[in-house]
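Participant: Fold the stuff below for me.
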Amino acid sequence: MRRWGAAVVAGALSIGLSVAASPAGAHDHHGGGAVRTVGYYTQWSFADRGVPVRYLVENGTAAKLTHLNYAFGLLDEQGRCVSSDPVDDYQRLIPADQSVNGKADRPGQALAGNLNQLKQLKKKFPELRVYISLGGWTGSKYFSNAALTPQSRAEHVKSCIDLWLKGNLPGAPAGAAKGVFDGIDLDWEWPSTEGDVGNVVRPEDKQNFTKLLREYRAQLAKQGVRDRKVYDLTAFLPANREAMDRGYELAEVYKLLTFATVQGYDYHGTWEKTTNQQSAIRVPEGDPTTPKDSGEIVVDAHIERGAPRHKITLGVPYFGRGWTGVTNANNGLFQQSTGPAPATHEPGYDDYRALKNLLAGGKYRLHRDEKAGHAWLFDGATFWTYDDPTELKRKGKFIRDRRLGGAMIWSLDGDTPQGELIKGLHAGLHRR
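Facilitator: Prediction:
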């Protein structure tokens, strides 16, 4: 990995803290550069789903990623960064057969858990850049508090740098996790717009989000001088146009970010009674909803609001959304339902690696809209909208044809042991 010297970082600091390019230049799409492939690995992937970091090596994913976002770090009520689960993050001892380097963790070592596995992953794939992602749908409650005042912004960023970049983990030796993370990803869902129930929401969140990014840029640049490297700054941005306009000064936001990951899924789901696509490239014919949603519409909305194409990293799902009690007409598409479909972890939501098995039983049939670019499964009563390798290859080609910056995956634990989804996406992003 190419290192940036202190003089380079200081120079960037002196011209307004606009450190917007990643030091891993080949990972950012600038003109003829390679498209980026960003994957989210969740804190609970191992403990809850039996997917250790090693899984990403064994199924070929890690070799195809340019960036990995570890999700999630949280904020306390004062807006300071905290670990929501120290056991999973850095305390759990990983046995040899689930470890990236094949060696078992030992009691008393400085760093264990997921963070140590990410450190091993970086050693195996030295060009991979790893970020800590903050917030998420259920973890965005106190972002507004963090962004509220100059003092709260400064304290928030300082706490995040200390915990995640300097690696000063509570109960561990000083600097135990230093070097694990190359940047910070903000997943505030959503400024000035209510996301999960109970989130703190203020009208001034829109302007304060921009101010928070500026504070991050200032402190990250200073920390970069000390560490002789450049730390990246990214954010997850919405598909919903009302949320875009209410919560973001988008043109300025994009200037401050290394790149953005843009929501390319959850266009529809079981919060609606009518079955629909959740991640189509284009609006399917006959879609009864208003306003319409598709990858094409979302990308155009970001571009119209000032987003450079090379900084748009379009999200793709490794999961599906499902309804049951569906009217048996039109192969289940755009039909009324009685509620969410039964699923492995959460009603109406399941991983591709589970949904793939539905076809093996012979009850479900696969349907595909080649023009709109989406697929679904239907058995006469239960409907699942999902992306399979064919659709991910199509999405990769769409990203390449539109000259976007790359693809973002939510989330990596949804792929099969054979890495079927990452192979499909990679084939679309890279001409073959």
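Participant: So which residues make contact with stretch 418-430?
Facilitator: Here stretch 418-430 makes contact (Cβ atoms under 8 Å, 6 or more residues apart in numbering) with 35, 37, 59-61, 64, 316, 318, 352, 356, 387-400, 406-407, 409, 414-415. Heads up, the C-betas are built off the backbone N, CA and C, glycines and all.
Participant: Figure out how far that stretch is from the centre of its chain.
Facilitator: The chain centre lies 17 Å from the centre of stretch 418-430; the measure is Cα atoms, centre = their mean, to the nearest Å.
Participant: G224 belongs to a strand, doesn't it?
Facilitator: No: G224: not assigned to a strand; according to DSSP: H, G, I helix; E, B strand; the rest coil it is helix.
Participant: quick one: it from G183, how far?
Facilitator: According to Cβ to Cβ, to the nearest Å, G224 stands 10 Å off from G183.
Participant: Return every residue with contacts to both of those two.
Facilitator: Y231.
Participant: any idea where the strands of the stretch 151-300 of the chain begin and end?
Facilitator: With strands called from DSSP state E, counting those that start in this stretch, the stretch 151-300 of the chain shows them at 183-187, 232-237, 259-262.
Participant: The last one packs against which elements?
Facilitator: If I follow you right, that is strand 259-262. Packed against strand 259-262 by the contact rule (3 or more Cβ pairs under 8 Å, 6 or more residues apart in numbering; DSSP states H and E) you find strand 232-237, helix 295-304, strand 312-317, strand 406-410.
Participant: For the ones you listed, could you give me JSON lines that also reports mean neighbour count, distance to V197 and mean pLDDT?
Facilitator: Converted to JSON lines, the helices and strands packed on strand 259-262 look like this (neighbours: other Cβ atoms under 10 Å; distance: least, Cβ to Cβ, whole Å; pLDDT from 0 to 100):
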{"stretch": "strand 232-237", "mean neighbour count": "25", "distance to V197": "19", "mean pLDDT": "98"}
{"stretch": "helix 295-304", "mean neighbour count": "19", "distance to V197": "25", "mean pLDDT": "98"}
{"stretch": "strand 312-317", "mean neighbour count": "26", "distance to V197": "23", "mean pLDDT": "98"}
{"stretch": "strand 406-410", "mean neighbour count": "26", "distance to V197": "21", "mean pLDDT": "98"}
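Participant: would you list these in a markdown table and tack on distance to T149?
Facilitator: Formatted as a markdown table, the helices and strands packed on strand 259-262 follow (distance: least, Cβ to Cβ, whole Å):
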| stretch | distance to T149 |
| --- | --- |
| strand 232-237 | 20 |
| helix 295-304 | 29 |
| strand 312-317 | 31 |
| strand 406-410 | 31 |
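Participant: Looking at those, which is nearest to A71?
Facilitator: Closest to A71 of the helices and strands packed on strand 259-262 is strand 406-410 (Cβ to Cβ; 8.6 Å).
Participant: Parallel or antiparallel, list what pairs with that closest one.
Facilitator: strand 36-42 (parallel), strand 312-317 (parallel) (DSSP bridges).
Participant: now the angle from it to strand 183-187?
Facilitator: 70 degrees (axes from the mean of the first three to the mean of the last three Cα atoms, to 10 degrees).
Participant: Of all the helices and strands packed on strand 259-262, which one is nearest L163?
Facilitator: For L163, the closest of the helices and strands packed on strand 259-262 is strand 232-237, at 16.0 Å, according to Cβ to Cβ.
Participant: got the angle for the closest one vs strand 312-317?
Facilitator: Strand 232-237 and strand 312-317 are oriented at 60 degrees to each other (the same axes, to 10 degrees).
Participant: Next, the angle helix 295-304 makes with strand 232-237.
Facilitator: In terms of direction (the same axes, to 10 degrees), strand 232-237 departs from helix 295-304 by 120 degrees.
Participant: How about the contacts made by the residue lying closest to P203 once chain neighbours are set aside?
Facilitator: Excluding the flanking residues, the one nearest P203 by Cβ to Cβ, 6 or more residues apart in numbering is S192, at 5.9 Å. S192 is in contact with 201-206, 246-247, counting by Cβ under 8 Å, 6+ apart.
Participant: What strands flank the longest strand seen in the chain, and is each parallel or antiparallel?
Facilitator: When the chain is parsed with DSSP state E, its longest strand is strand 67-75. Strands that pair with strand 67-75, judged by DSSP bridges, come out as strand 36-42 (parallel), strand 81-82 (antiparallel), strand 129-135 (parallel).
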